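*Asks:* coords please:
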Amino acid sequence: MNFYASSLLELMVDMSRTVLKVRKKGVIILPKKLREEAGIHEGDEVVVEVVGGRLVMRVLKPKVVDVDPGLVRKLLREEYELERRKYEGMLLDEASPGY
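*Replies:* Got it, this is the predicted structure:
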């Protein structure tokens with residue numbers, strides 16, 4: 001069996017590997033089978049990085065965190081108050097004589 005035939009056999013055994021062509025502007029079309037196996041859906045974002053000379057692609061999944069809405073409101077109020085004081089001070093500095 002030659003290299004080409006053994007490579008094709010390997011591809012048939014491991015369906016999560018395929019040869020893709022890089023098109024204009026670096027566009028690569030991922031076959032449906034690969035997208036399904038990787039859990040990639042239309043509109044998803046993926047992270048692509050070079051690791052040891054290879055491209056590694058993974059789906060960017062947002063982290064879901066449990067946030068206390070009351071704490072968020074409190075922090076936003078504090079931030080708003082700090083910003084208000086800062087701008088109020090800037091306006092008072094502009095109004096004072098000495099320019």
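
*Asks:* List phi and psi for the residue nearest to the spatial centre of the chain.
*Replies:* Residue closest to the mean C-alpha point of the chain, counted by Cα atoms, centre = their mean, is residue 60 at 4.8 Å. Per-residue torsions, residue 60: phi -90, psi 110 (degrees, to the nearest 10).

*Asks:* shouldn't it be in contact with residue 43?
*Replies:* No - the pair residue 60 / residue 43 is not scored as a contact, 11.4 Å apart, by Cβ atoms under 8 Å. C-beta here means a position set from N, CA and C on the backbone, and glycine is covered the same way.

*Asks:* sorry, back to before: retrieve the pLDDT associated with the residue nearest to the centre of the chain.
*Replies:* Listed pLDDT for residue 60 reads 89.

*Asks:* what about it, distance to residue 50?
*Replies:* Per Cβ to Cβ, to the nearest Å, residue 60 is found 17 Å from residue 50.

*Asks:* Please apply the same query to residue 23.
*Replies:* 20 Å.

*Asks:* Same check on residue 84?
*Replies:* 47 Å.

*Asks:* One more: residue 63?
*Replies:* The value you get for residue 63 to residue 50, if Cβ to Cβ is used, is 24 Å.

*Asks:* Who has more neighbours out of those two?
*Replies:* Neighbours per residue, other Cβ atoms under 10 Å: of residue 63 and residue 50, the larger number sits with residue 50, 8 against 4.
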